[in-house]
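Enquirer: Sequence unavailable; structure follows:
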């Protein structure tokens, strides 16, 4: 299957620009919040409305594509053949609801299982990270250089709060070898930090729509994106994921205790 | 002793505006980094240069004042009588060095031991939080409303990484009752989040210059700032501090295990 990745990139940037405008202008007064799996798993009317909008635009521009998305407006996707779009309308919903900053909207595009193009908007900062292996990586219109391949001792790491606090896989041993520990609470925001060298590792349990866009972009700048025990990623299920510079991911895999 | 708190506030805002301009324009190429107590306790030439500048300006404008500051250009202050300025030239030095964002410069002013005026600049966002009980609280020129007195279950909490990861005082029990856990790595940045209602609690081991400005401003908007076991604060030593909405601090004090 032949696709024009530059054209898809342009489509995603245009689409996320509109999503950002909508989310910044929609009055927070109109927010209604509900819980999903537990009291801290939130969904708002904006998550649903935004996903409906994004998926509609994708279906119009790429009718042959299938969509894997968080809030129920996607397709039942059973394999990765053809053009697959992963959509997370609002990533970091808790930040969106409680803080009003550090939340993102993300779209990752894969072709026959291969990462093609990713795009993430930091909504409040109005910065769109986008691109892929073929066309390179950008923040808005500005080309990003590949981040340095720093070792653990020279960088900050972000690990999901539940994993870090419970010391799952002895992840605190990894944290202790780093420059320091940060928790931002949104995969999309953290992918932006990794792409610009502000942090050197992220580890969390991620759903397909949490991972898809960030994976495309991090791999495009030479970072490693792996499952626990270096397992290959399955883009159609949730899994523990380690993302970081090649040096850091290799140090983390050596340090983590997984059995 | 009689002082004009509005005038001091204006002086601090003008001073931190210049500090922000200097730190944003100084080329990061010229940074030299050294370690202090351990490999993750950093100090740069900018910390020292900035403190020297701030302290010089204070001494010129308020020659009668004494200064408690981080990098050695202050006075040996043995009691809180008269006008005392607390200066942290760069708070979140690790963020400054590794990320280039989320670091602050802070000045807190006390008169005969009483909190008077505080000012914190989020350097990269160019936002100055400033004010006190008498004159009210502002972000740049904009008045801030007192944050809502939310309970733990409705807000995000920031606890210093070492304390949270080691579960000191069983602080993870407090975290579990909240909406979620964040780690930003700079007291000054986190005070900004508390003042604008983005987070409801911060707990950390703080030196006088880490605490002074934030304490003035948080108390001015009705938040609680206490030591562990509700102990009174001693502004001339380092101590564990809990800052948050009145409801949250009271819940935290009930939940923490301190013996």
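Expert: Alright, I've got the coordinates. Bear in mind that the values here come from a model prediction, so they are computed numbers and not experimental data.
Enquirer: Quick check: buried residues in stretch A:170-184?
Expert: Residues of stretch A:170-184 classed as buried by neighbour count (16 or more other Cβ atoms under 10 Å in any protein chain shown): A:171-172, A:174-175, A:178-184. For glycine as for every other residue, the C-beta is placed from the backbone atoms N, C-alpha and C.
Enquirer: So which of the residues you listed would count as near chain B as well?
Expert: A:172, A:175, A:179-184 (Cβ under 8 Å from any Cβ of the partner chain).
Enquirer: Show me what the mean pLDDT comes to for stretch A:39-53.
Expert: Mean pLDDT, stretch A:39-53: 88.
Enquirer: just curious, which of the ones next to chain B among the buried residues of stretch A:170-184 is nearest to residue A:77?
Expert: Each of these was scored against residue A:77 by Cβ to Cβ, and residue A:184 proved nearest at 28.7 Å.
Enquirer: Surely the closest one is in contact with residue A:193?
Expert: Yes - taking contacts as Cβ atoms under 8 Å, residue A:184 lies within contact range of residue A:193: 7.3 Å.
Enquirer: list the residues that contact both of these two?
Expert: residue A:158 (Cβ atoms under 8 Å, 6 or more residues apart in numbering or on different chains).
Enquirer: where do the strands sit along the stretch 101-250 of chain A?
Expert: Using DSSP state E, counting those that start in this stretch, the strands of the stretch 101-250 of chain A run over A:104-111, A:114-122, A:127-132, A:136-139, A:142-143, A:156-159, A:180-182, A:201-206, A:224-227, A:239-244.
Enquirer: Please enumerate residues in contact with the shortest one?
Expert: By Cβ under 8 Å, 6+ apart, the list of residues contacting strand A:142-143 from outside reads A:136-137.
Enquirer: strand partners of it, parallel vs antiparallel please.
Expert: Using DSSP bridges, strand A:142-143 pairs in its sheet with strand A:136-139 (antiparallel).
Enquirer: pLDDT at residue A:26, what is it?
Expert: The score at residue A:26 is 67. That number is its pLDDT.
Enquirer: Show me chain A divided up by domain.
Expert: Taking automatic domain parsing as the reference, chain A has its domains at A:5-143, A:152-255.
Enquirer: Out of these, name the one with the poorest average pLDDT.
Expert: What stands lowest among those, in mean pLDDT terms, is domain A:5-143, with a mean of 93.
Enquirer: ends of that one, how far apart?
Expert: 16 Å (Cα to Cα, to the nearest Å).
Enquirer: circling back: can you name the two of the buried residues of stretch A:170-184 that sit furthest apart?
Expert: Maximum pairwise distance among the buried residues of stretch A:170-184 (Cβ to Cβ): 18.2 Å, between A:172 and A:184.
Enquirer: Next, give phi and psi for residue A:235.
Expert: Main-chain dihedrals, residue A:235, degrees, to the nearest 10: phi -70, psi 0.
Enquirer: what about it, neighbour count?
Expert: With neighbours defined by other Cβ atoms under 10 Å in any protein chain shown, the count for residue A:235 comes to 19.
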